[in-house]
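[1] predicted model and sequence below, questions to follow.
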Amino acid sequence: MLANLANFQIILGSQSPRRKELLQGLNIPFEVKSIDVEETYPSQLVGVDIPMYLAEKKADAFAESMNSNTLLITADTIVWHEGRVFGKPRDKADATRMLKSLSGKTHQVITGVCISTLDKRKTFHVISEVRFARLSSDEIEYYLQNFSPYDKAGSYGVQEWIGYIGVEYIEGSYFNVMGLPVQRLYAELKRWKK
Ligand SMILES: Cc1cn([C@H]2C[C@H](O)[C@@H](COP(=O)(O)OP(=O)(O)OP(=O)(O)O)O2)c(=O)[nH]c1=O
């Protein structure tokens, strides 16, 4: 599959183990490279523009390691709730605050993805709506004690215990919530022309 990309060396520019696992699901050869990028963005940006900006910022960081055969994939995931961004929590208090705020409500998880080659760039976003059941303080405390929310947008991993007991439904892609909208990414890669 994706014979149109046969001459490309596909690079996933990400430190996220979930993104690696998700891209592996597409069964295409790729390498992982990572560069530290400060995840800051202009304060006037809202909603979908934030993860798209950050996906492009991550792509910019790889500019010097690109050659004519490189096809780079970078991404960023945010939780967008009641007009605010929930990124990775600073500390336990921050994580508790985010989970209490998500409890019993519906929020959006938005992933921005940037596909780039030396001479072309395509950036898109995918939104999933996630409905959380009411979480008790004990459940939030148990999750924070036993799992690691600190590398995850919104302080939760849908693929972890809290997703099992707390997520009532998802409208949209589950994989997008985990960090990479693989179906849409595949569709974009399929129509990629050099
Ligand atoms: C909402 C949610 C996020 N996440 C993860 C996906 C992303 O790894 C992380 C959001 O942080 P990102 O900044 O998007 O990604 P990252 O810093 O982990 O990796 P990189 O920038 O190098 O690509 O949160 C889950 O694993 N499960 C979830 O349910």
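    Ah, there it is.
[2] surely Tyr143 is within a helix?
    Yes: judged by DSSP: H, G, I helix; E, B strand; the rest coil, Tyr143 forms part of a helix.
[3] which residues touch it?
    Applying CB atoms under 8 Å, 6 or more residues apart in numbering to Tyr143 gives the contacts Leu99, Pro149, Tyr156, Glu160, Trp161, Ile162. C-beta coordinates here come from the backbone N, C-alpha and C atoms, glycine included.
[4] tell me the spacing between it and Lys100.
    12 Å (CB to CB, to the nearest Å).
[5] which is the next helix or strand following the host helix or strand of Ala59?
    If you go by DSSP states H and E, Ala59 is part of helix 49-61. Going down the chain from helix 49-61, the next helix or strand is strand 70-81, by DSSP H and E.
[6] restricting to C-alpha, output that next one in PDB.
    Taking Å, rounded to 0.1, in the frame of the first residue of the first chain, the C-alpha atoms of strand 70-81 are listed here in PDB:
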ATOM      1  CA  THR A  70      12.300  12.900   3.400                       C
ATOM      2  CA  LEU A  71       8.600  12.900   4.200                       C
ATOM      3  CA  LEU A  72       8.200  14.100   7.700                       C
ATOM      4  CA  ILE A  73       5.100  13.600   9.900                       C
ATOM      5  CA  THR A  74       4.600  15.800  13.100                       C
ATOM      6  CA  ALA A  75       1.600  16.200  15.300                       C
ATOM      7  CA  ASP A  76       0.200  17.900  18.300                       C
ATOM      8  CA  THR A  77      -2.800  17.000  20.500                       C
ATOM      9  CA  ILE A  78      -4.700  19.300  22.800                       C
ATOM     10  CA  VAL A  79      -7.800  19.100  24.800                       C
ATOM     11  CA  TRP A  80     -10.200  22.000  24.200                       C
ATOM     12  CA  HIS A  81     -12.800  22.500  26.900                       C
END
